[in-house]
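Enquirer: Predicted structure and sequence below. I'll ask about it afterward.
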Amino acid sequence: MAVGAYVSMVVETLRNPTRRMKHQVFVFVLTFLVYAFFHATRKAFSNLKSTIGPTDDPSPNHPHDQLNPPMTRVFLAVLDTIFLAAYAVGLFVNGRIGDMFNVRYVLLIGMCGSAICVSMFGWAKFWDVRAPAFFAVFWCLNGLFQSTGWPATVSVMGNWFSKRSRGVVMGVWSANASAGNMVGSLMVTAVLSYGWPYGFFLPSGVLFLFGWIVFFFLVPHPEDAGFLPAVEEIDDIHSSVVPADGEGGEHSKDTERLLTQSAADFDEDDEPPPSERRRSSGSTFEPISFMAALRVPGVVLYSLSYACIKSANYFFFFWLPYYLTDAASFSPQKANLLSNIYDVGGIVGGVVAGLLSDVAGKRSFVMFPMLLLSPITLYVYRNFGDDYTVNGLLMFIMGFFINGAANQISSTVSADLGRQGALRSNKEALATVSGIVDGTGSIGAAIMQGIVALAMKKPGADSWDLIFYILMGVMLLSALLLSGLFVNDVRHARAAVRRDVAGVQAPAMAAKDE
């Protein structure tokens, strides 16, 4: 699809919104805020590392209200590893749970549980708790609760939006993590002068309250609001509800009438009869098994590639503010604000990648080049990012490629994988597939945090140099893992072009012969 035609279609749709579209906008905003607040709460620990961790810089750069004794750099990395290990396990489990139970209950438990665990880090100051086990246990539980968020919200978005617009829609929507990171940084910066515990209290309190809003107002499936499923599922529903011999009674005739209408002719303000709502709801489908999900084409390769991408992306999530204070000697306030530029780059990169992949028709056409260029951006940032302004510019470019690719794979590609082929009409499969992709990514991120913990034992700049070279290697590996899919998609695209050319030339040759 040409870019101009694509833009025209979007503009025309926005000019004449249907009742379904209004519901889609509400679901988009609500689920966006859900994961943004999840990330804002998670980001608090990252932003406060330079305050509760070791430093040779007393006031004024570091507040006097430090944890005493401060956490060592190694223990901070160990906590990150514990969180990501629990998060990875939780994603595999909660992906299945999200398919089996109402996601409103899953999200309520996850959001409120995470809020309580994060707040415990703040209470540790007032209760004078210094035992490492206290922080390790609650950060582990936080990882389990946080893992409910992504599979559930991706599943809801996949239910409401079809593949023809999913690239750009999910590209914008996947900015929720980056937006949450920025909101979390601003929250921490706003209350840091009152004491670092409030940097944990504020985002966790917002997450707790928003969990109840989601519980009462989220609509997980279009059918719950009286609509038919996404357009891409219509053919599968057609085959499942209309008998092959064409004799299916009045319900089959009514459904045939609904399903043979085009997307342009179908009035989405009209609710389908109860028979179609029941049949199209997908309630007869069983949740897909873990092994069956692994056999879905592309799941394994994208999951392994995402493990590499997330290991790099989460290094910056957990350590970028600390890196800026330790390696670049910026104050915690300046470091927190500057680190937001990485997320801004990720937002722009995710949207651009989504739009381009929608136009190209193949996700690998955009993902592979982005990943291939990522190691170069890492090298340039590490070696030429000493100046504050230059650092911000290079950080944006790095975020565009690394964080942008991460946003696309974790959202758009996951939704595509869970809605392809025979899975399109099985709404019980999407959270499981999404959990596998993100869970595998979190395993990679957990391994990387273990490597960071070991690298932190090296003095000063040596540790950062080693870490950045490792990051370059894993990003190159992520590109190589998708190279086969990229080459295969190029072959299919070239074959399609040859068929189109042949189809145009054949009538012309026949006319010439006549």
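Expert: Looks like it arrived, so ask away. Numbering: from 1, shown residues only.

Enquirer: I figured Phe210 hits Leu33, correct?
Expert: Yes - counting by C-beta atoms under 8 Å, Phe210 touches Leu33, with 6.6 Å between them. Every residue, glycine included, has its C-beta placed from N, CA and C.

Enquirer: For this protein, give me the ranges with low pLDDT.
Expert: 1-17, 53-70, 98-99, 163-167, 230-288, 414-416, 418-431, 460, 503-514 (pLDDT under 70).

Enquirer: so where does the closest residue to Ser442 other than its chain neighbours fall, helix or strand?
Expert: Closest residue to Ser442 apart from its sequence neighbours, by C-beta to C-beta, 6 or more residues apart in numbering: Ala88 at 3.6 Å. In this structure, Ala88 sits in helix 73-100 according to DSSP states H and E.

Enquirer: For the stretch 251-400 of the chain, which segments are assigned as strands?
Expert: In the stretch 251-400 of the chain, no strands are found when defined by DSSP state E, counting those that start in this stretch.

Enquirer: how near is Val168 to Lys22?
Expert: Val168 sits 19 Å away from Lys22, going by C-beta to C-beta, to the nearest Å.

Enquirer: okay, these two: which has more neighbours?
Expert: Applying other C-beta atoms under 10 Å to Val168 and Lys22 shows that Val168 carries more neighbours, namely 21 against 12.

Enquirer: show me the contacts for the closest residue in space to Gly399 that isn't next to it in sequence.
Expert: For Gly399, ignoring the flanking residues on the chain, the nearest one in space by C-beta to C-beta, 6+ apart is Gly345 at 2.7 Å. Applying C-beta atoms under 8 Å, 6 or more residues apart in numbering to Gly345 gives the contacts Met395, Phe396, Ile397, Met398, Gly399, Phe400, Asn403, Gly404.

Enquirer: Tell me the one of the residues you listed nearest Val359?
Expert: Gly404 (16.0 Å; C-beta to C-beta).

Enquirer: Report the contact partners of that closest one.
Expert: Per C-beta under 8 Å, 6+ apart, neighbours of Gly404: Gly345, Gly346, Ile347, Val348, Gly349, Gly350, Val352, Ala353, Met370.

Enquirer: what about 6 Å?
Expert: Applying C-beta atoms under 6 Å, 6 or more residues apart in numbering, we find Gly404 in contact with Gly346, Gly349, Gly350, Ala353.

Enquirer: any idea which element it lies in?
Expert: Assigned by DSSP H and E, Gly404 falls in helix 388-408.

Enquirer: For that helix, buried residues please.
Expert: By 16 or more other C-beta atoms under 10 Å, the buried positions in helix 388-408 come out as 391-392, 394-408.

Enquirer: Show me the helices in the stretch 1-150 of the chain, by range?
Expert: Taking DSSP state H, counting those that start in this stretch, the helices of the stretch 1-150 of the chain run over residues 3-15, 19-47, 49-52, 73-100, 103-127, 132-146, 149-160.

Enquirer: gap between the longest helix anywhere in the chain and the chain center?
Expert: Longest helix in the chain by number of residues (criterion: DSSP state H): helix 460-513. On the basis of C-alpha atoms, centre = their mean, to the nearest Å, helix 460-513 sits 23 Å off its chain's mean C-alpha point.

Enquirer: Now do that helix against helix 388-408, angle only.
Expert: 50 degrees (axes from the mean of the first three to the mean of the last three C-alpha atoms, to 10 degrees).

Enquirer: Tell me what angle helix 460-513 forms with helix 73-100.
Expert: Helix 460-513 runs at 40 degrees relative to helix 73-100, counting by the same axes, to 10 degrees.

Enquirer: what packs against helix 460-513?
Expert: Secondary-structure packing of helix 460-513 (3 or more C-beta pairs under 6 Å, 6 or more residues apart in numbering; DSSP states H and E): helix 299-326, helix 364-384, helix 430-455.

Enquirer: okay, now Ala88: neighbour count?
Expert: Using other C-beta under 10 Å: Ala88 sits among 25 other residues.

Enquirer: what's near enough to touch it?
Expert: Contacts of Ala88 (C-beta under 6 Å, 6+ apart): Gly439, Ser442, Ile443, Ala446.

Enquirer: which one of those residues is nearest Tyr322?
Expert: Proximity of the contacts of Ala88 to Tyr322 (C-beta to C-beta) peaks at Ala446, which lies at 18.1 Å.

Enquirer: To what extent is that closest one buried, counted in neighbours?
Expert: Residues lying near Ala446 (other C-beta under 10 Å) number 25.

Enquirer: Please give me every residue in contact with the closest residue to it other than its chain neighbours.
Expert: The shortest distance from Ala446 to any non-neighbouring residue, by C-beta to C-beta, 6+ apart, is to Leu84 (3.6 Å). Leu84 makes contacts with Ser442, Ala445, Ala446, Gln449, as judged by C-beta under 6 Å, 6+ apart.

Enquirer: Kindly reformat those residues as a markdown table containing distance to Thr51.
Expert: A markdown table is the format used below for those (distance: C-beta to C-beta, whole Å):
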| residue | distance to Thr51 |
| --- | --- |
| Ser442 | 26 |
| Ala445 | 23 |
| Ala446 | 24 |
| Gln449 | 20 |
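
Enquirer: how about the helices and strands packed on helix 460-513 in TSV, adding distance to Glu223?
Expert: Supplementary listing: the helices and strands packed on helix 460-513 in TSV, determined by distance: least, C-beta to C-beta, whole Å:
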stretch	distance to Glu223
helix 299-326	26
helix 364-384	32
helix 430-455	14
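
Enquirer: Ok, which of those helices comes nearest Phe200?
Expert: Of those, nearest to Phe200 by C-beta to C-beta is helix 299-326, at 15.0 Å.

Enquirer: List the buried residues in the closest one.
Expert: Buried, per 16+ other C-beta under 10 Å, within helix 299-326: 299, 302-326.

Enquirer: Could you measure from Asp465 over to Val474?
Expert: 16 Å.

Enquirer: next one: phi and psi at Ala131?
Expert: Torsion angles at Ala131 (phi, psi; degrees, to the nearest 10) stand at phi -70, psi 130.

Enquirer: who touches it in this structure?
Expert: Taking C-beta under 6 Å, 6+ apart, we find Ala131 in contact with no residue.

Enquirer: do the same with Ala85
Expert: Contact analysis of Ala85 by C-beta under 6 Å, 6+ apart lists Ala446.

Enquirer: heads up, I number from 742, so please use that
Expert: New numbering, starting at 742: the last item is Ala826.

Enquirer: what's the nearest residue to Tyr846 if we skip its chain neighbours?
Expert: Phe956 is the one closest to Tyr846 (C-beta to C-beta, 6+ apart), at 7.4 Å.
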